[in-house]
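**Q** when you get a sec, could you give me coordinates for this:
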Amino acid sequence: MTKNKELKEGYVEILNEIDDSWINPHHLNSLVKQGLSGIFLTSVRPEYQQAKNKIMIVGREPKSWNVIGKDGSFFGRQSYVDSALDKHDAFFRSQFKRKNSKGRSFHNFTRSVAKKSGEEGLIYSNLFCLSFKKSIPQKSPVFDGIVCLSEKLLKMQIKILRPDVIVFANGLSGASVATRRKFFPIDGENNVCINRKNYCDAGLSNEQLWSFDLRFEDQLIKSYRTYHPSSRRADAAIARDFLIDLLPGND
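**A** The predicted structure follows:
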């Protein structure tokens with residue numbers, strides 16, 4: 001079974017747990033009409049399994065992300081998942097045909113990682129699977145439900161895709177930090193972020209970059225936490241360049 005087929009089956013099972021109002025723009029109480037984006041579902045390349053480096057980049061939220069559109073028809077969970085996977089694949093592939101944009105851009109970073117480590121094994125995911133009014137969803141009336149759904153989706157992706165490296169590039173805002181630590185606790189008896197390391201000796205603060213091994217089921221996954229790539233802070237750019245140097249090459 002291909003990884004995309006495994007993902008699809010997992011997505012359908014998880015989405016069967018939510019109400020139609022989350023994904024059907026024609027529902028009487030449609031949350032889409034109230035500002036909720038489509039659900040961001042990660043896909044991978046067909047050649048993913050053979051990729052030398054499997055690297056997951058976890059952003060924050062998908063901003064504007066229409067899966068079927070307000071004027072489109074809703075044909076159930078399987079059709080929705082198919083559309084979401086097609087959208088993700090087309091969007092992510094298109095980013096590698098573009099040149100870097102001016103200023104700071106999330107996909108300037110993904111292109112840099114691809115140049116260092118290869119495109120085939122890149123996984124583009126997000127901490128929050130939905131946005132609310134094109135921003136982080138903490139002001140959504142269903143925020144707790146979004147957090148629950150996001151955790152199930154992200155952990156299912158990690159379980160199926162078994163990345164070698166995870167880069168948590170979702171920033172330092174309160175909701176992002178609290179949610180990431182809820183998914184992957186950094187202290188206490190449930191701590192799954194072990195062997196933590198900072199790069200102060202290289203002149204980087206803990207805010208800029210730190211690494212750890214993520215204990216996930218039977219894996220220890222080399223992981224990094226850094227700024228969101230859109231950050232315009234000068235020290236954020238330094239941390240991104242330093243991080244890319246740490247990633248495995250594709251030679």
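**Q** only C-alpha atoms for contact and neighbour calcs from this point on.
**A** Will do.
**Q** OK, contacts around the closest residue to residue 121 other than its chain neighbours?
**A** For residue 121, ignoring the flanking residues on the chain, the nearest one in space by CA to CA, 6 or more residues apart in numbering is residue 54 at 4.3 Å. Contacts for residue 54 (CA atoms under 8 Å, 6 or more residues apart in numbering) come out as 48, 120-123, 162-165.
**Q** again, only using 6 Å
**A** Residues near residue 54 by CA atoms under 6 Å, 6 or more residues apart in numbering: 121-122, 163-164.
**Q** cool, residue 146 as well?
**A** If a contact means CA under 6 Å, 6+ apart, then residue 146 has no contacts.
**Q** let's go with 8 Å and repeat that
**A** 128-130, 137.
**Q** show me the shaky parts of this protein.
**A** Filtered on pLDDT under 70, the chain yields the residue ranges 69-71, 101-104.
**Q** could you pull out the strands in it for me?
**A** 55-59, 122-126, 165-168, 193-198, 209-216, 219-226 (DSSP state E).
**Q** mind checking the ones you listed for the one nearest to residue 149?
**A** strand 122-126 (11.9 Å; CA to CA).
**Q** and the furthest pair within the contacts of residue 146?
**A** Once CA to CA is applied, those give 129 and 137 as the farthest pair, at 9.4 Å.
**Q** leaving out sequence neighbours, find the closest residue to the residue of the chain positioned farthest from its centre.
**A** Each residue of the chain has a distance to the centre, and by CA atoms, centre = their mean the biggest one is for residue 28: 30.1 Å. Excluding its sequence neighbours, the residue lying closest to residue 28 (CA to CA, 6+ apart) is residue 21, at 7.5 Å.
**Q** all set now, cheers.
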